[in-house]
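Q: based on what follows, work out the 3D shape:
(one chain, ligands or ions: 1)
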Amino acid sequence: MFKHALTRGISANFSDATVMLSLVEPIDVALAVRQHGVYVEALRELGLETTELAPAEAFPDGCFVEDCAVLVDGVALITRPGTPSRRGEEATIAGALAGSHRIATMEAPATLEGGDCMRIGQRIFVGRSSRTNEAGIRRLAEVFAPQGIEVVPVRVPEGTLHLKCVCSPLPGDQVLLAEGTIPSGSFPGLEVHLIPMEEAYAGNCVAVGNTAIIPGGFPRTRMVLEAAGFNTMLLDLSEIRKADGSLTCLSLIW
Ligand code: CIR
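A: Residues are numbered from 1 along each chain as shown. I've put the predicted structure just below:
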């Protein structure tokens, strides 16, 4: 069961966040700050002790802390983000985790982002994406092998930023997955809860115990999760989504 969460506030320069497609509507930074505050509050309501780092003006994407580290049982692998504009974010994350984790690092040419890493039991499914390369995957396997972790690469569909843009872990060998994105057979031995492709954005949820935080506006996903026995908490993520962000990206939880 998760006990802690690390987050970082929204940068004053959040409207300059890296995006895959040009924005149709500008990001409302003040609204993003409020949405982020509600997110942190939701983590607290779920019983997590939260540490919030101050926003970093130099890093418009700095709130997406998940990408900067992969955590397994007291070890933190600090990543080397695949996008040059995000390099440097990971240093403050390493500092924040140093008190609670043994720190491991990775060197060029390896790149890896936490959004591509989905731990379920003793496996980490890792996306081969534009952000995560083979050297990054090898380093992930090397760091966590002593803890009995098996690293399982999964191809991320074209045009999808990270593995967890379309799927996310649920407690107890279960996974939430958007239909038509990644084949269910990529997750052998897991109970796969499928949601319709048009709700793929909600494939990224944060589940703590039997409660799943999901983005508002995805009724079929809510039904799937509730039918699977989860309570759901709905959050408005409109501004976070404009920056290609979703729920898991906004925290590191352990
Ligand atoms: C980026 O392109 O890196 C950010 N704008 C969004 C990162 C989202 N992170 C995640 O899904 N883990």
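Q: where's residue 138, which helix or strand?
A: helix 134-144 (DSSP states H and E).
Q: gap between residue 30 and the ligand?
A: Residue 30 sits 18 Å away from the ligand, taking Cβ to the nearest ligand atom, to the nearest Å as the criterion. C-beta: built from backbone N, CA, C; applies to glycine.
Q: confirm that that residue sits in a strand.
A: No: under DSSP: H, G, I helix; E, B strand; the rest coil, residue 30 sits outside any strand and is assigned helix.
Q: burial count for it?
A: Neighbours of residue 30 under the rule other Cβ atoms under 10 Å: 11.
Q: likewise residue 153?
A: That count, for residue 153 with other Cβ under 10 Å as the rule, works out to 18.
Q: can you give me the strands for the stretch 51-200 of the chain?
A: 69-72, 75-78, 102-104, 117-120, 123-128, 150-155, 167-170, 174-178, 191-195 (DSSP state E, counting those that start in this stretch).
Q: which one of these lies closest to residue 230?
A: strand 167-170 (7.4 Å; Cβ to Cβ).
Q: do that closest one and the ligand meet?
A: No: interface with the ligand: strand 167-170 contributes nothing (Cβ under 6 Å from any ligand atom), its closest point being 10.3 Å away.
Q: in contact with residue 2: list those residues for me.
A: With contacts defined as Cβ atoms under 8 Å, 6 or more residues apart in numbering, residue 2 is in contact with 48, 208, 253-254.
Q: distance check, it against residue 125.
A: 18 Å (Cβ to Cβ, to the nearest Å).
Q: please apply the same query to residue 170.
A: Counting by Cβ to Cβ, the gap from residue 170 to residue 125 is 13 Å.
Q: give me the common contacts of those two.
A: With Cβ under 8 Å, 6+ apart as the test, residue 170 and residue 125 reach no residue in common.
Q: number of nearby residues for the residue in the stretch 101-250 of the chain positioned nearest to the ligand?
A: Going by Cβ to the nearest ligand atom, the ligand is nearest to residue 115 of the stretch 101-250 of the chain, at 2.5 Å. Using other Cβ under 10 Å, the number of residues around residue 115 comes to 28.
Q: about what we covered before: now mean pLDDT and distance to residue 91 too, for the strands of the stretch 51-200 of the chain, in CSV please.
A: Shown next, in CSV, are the strands of the stretch 51-200 of the chain (pLDDT from 0 to 100; distance: least, Cβ to Cβ, whole Å):
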stretch, mean pLDDT, distance to residue 91
strand 69-72, 98, 11
strand 75-78, 98, 8
strand 102-104, 98, 11
strand 117-120, 98, 19
strand 123-128, 98, 23
strand 150-155, 98, 25
strand 167-170, 98, 27
strand 174-178, 98, 32
strand 191-195, 98, 36
